[in-house]
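Colleague: Curious how this folds, go ahead:
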Amino acid sequence: MTYDGRSQVGAPPQTRRLAGLTITKISVGQLDNNTYLLTDEGTAASLLIDAAAEASTLLALVPDTGLAAVVTTHSHHDHWAALAEVIAATGATTYAGEFDADDIPVATEVRLADGDQVTLGDTELTAIHLAGHTPGSIALHLRAADGSDHIFTGDCLFPGGVGRTTPDDFPQLYKDVTTKVFDVFGDDTWIYPGHGWDTTLGTERPHLAEWRERGW
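Modeller: Okay, here's the model as predicted:
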């Protein structure tokens, strides 16, 4: 299957091959959550982003070499509902943002601050703290061996806008997404959201002023 990032619940997973890394995307659960499995091709180490639901479906993605880590992007239940089962089956190390970790009922072994690194074999991911959807939401930035940029944004950035906030929290999320994502990375940067289809910064950038004006 050609990777287009247009996942939906019940559809087979899609796999994208980058230089030295594969990304497998699948949608699970009643809220159409995206889960991503990253596998470093040099070491065969694998990492899961958001064990959202349907533990058996997620475990079927795990290669024979096992699962090294699970990163939870934020503390909302639909992003960790299968976490306990996945950890029990794999023994993977748990990661989450430092300000959300206490609200996730599965213990977080590694608390991530803004700029912290998550190492996956020969691959490194960088945590980007984006407050507003939750206090401790994190995105994960990957720079592939070919120089391309990829960001897993959880519920902080989608096609068409930032994630759900209150009116009081919107300015913070808009500021963080603008200054830490749009102002730092180029238009070719690929965005892998927590729900729905993928997008790029170039697709979304022309609409930033519109988002600010509407307040969501």
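
Colleague: contacts, neighbours, all on C-alpha from now
Modeller: Noted.

Colleague: What backbone torsions are found at residue 85?
Modeller: phi -70, psi -40 (degrees, to the nearest 10).

Colleague: Skipping adjacent residues, who's closest to it in space?
Modeller: Sequence neighbours aside, residue 55 is the residue nearest to residue 85 in space, at 6.3 Å (criterion: CA to CA, 6 or more residues apart in numbering).

Colleague: Equivalent analysis for residue 186, please.
Modeller: Using CA to CA, 6+ apart and skipping residues adjacent in sequence, the residue nearest residue 186 is residue 201, 6.9 Å away.

Colleague: check contacts around the most centrally placed residue in the chain.
Modeller: Nearest to the geometric centre of the chain sits residue 152, at 3.4 Å (CA atoms, centre = their mean). Going by CA atoms under 8 Å, 6 or more residues apart in numbering, residue 152 touches 139-141, 191-194.

Colleague: now for those, which pair is the farthest apart?
Modeller: 141 and 194 (14.1 Å; CA to CA).

Colleague: When these two are compared, which one has more neighbours?
Modeller: Each of residue 141 and residue 194 has its neighbours counted (other CA atoms under 10 Å); residue 194 has more, 28 against 24.

Colleague: Thought residue 31 was touching that one, still the case?
Modeller: No: taking CA atoms under 8 Å as the definition, residue 194 is not a contact partner of residue 31, at 10.2 Å.

Colleague: after the host helix or strand of the residue nearest to the centre of the chain, next one along is what?
Modeller: Applying DSSP states H and E as the criterion places residue 152 in strand 149-154. Toward the C-terminal end, the helix or strand that comes next after strand 149-154 (DSSP H and E) is strand 157-158.

Colleague: That following strand: partners in the sheet, and parallel or antiparallel?
Modeller: Strand 157-158 sits in its sheet next to strand 161-162 (antiparallel), going by DSSP bridges.

Colleague: To what extent is the residue nearest to residue 186 buried, counted in neighbours?
Modeller: For residue 201, the neighbour count with other CA under 10 Å is 19.

Colleague: Contacts only, for it.
Modeller: Applying CA under 8 Å, 6+ apart, we find residue 201 in contact with 182, 185-191.

Colleague: quick one: which of the residues you listed is nearest residue 49?
Modeller: The closest of the contacts of residue 201, once distances to residue 49 are taken by CA to CA, is residue 191, at 13.6 Å.

Colleague: For that closest one, which three-state class applies?
Modeller: Secondary structure for residue 191, judged by DSSP: H, G, I helix; E, B strand; the rest coil, is strand.

Colleague: could you list every residue that touches it?
Modeller: Residues near residue 191 by CA under 8 Å, 6+ apart: 150-153, 158, 198-201.
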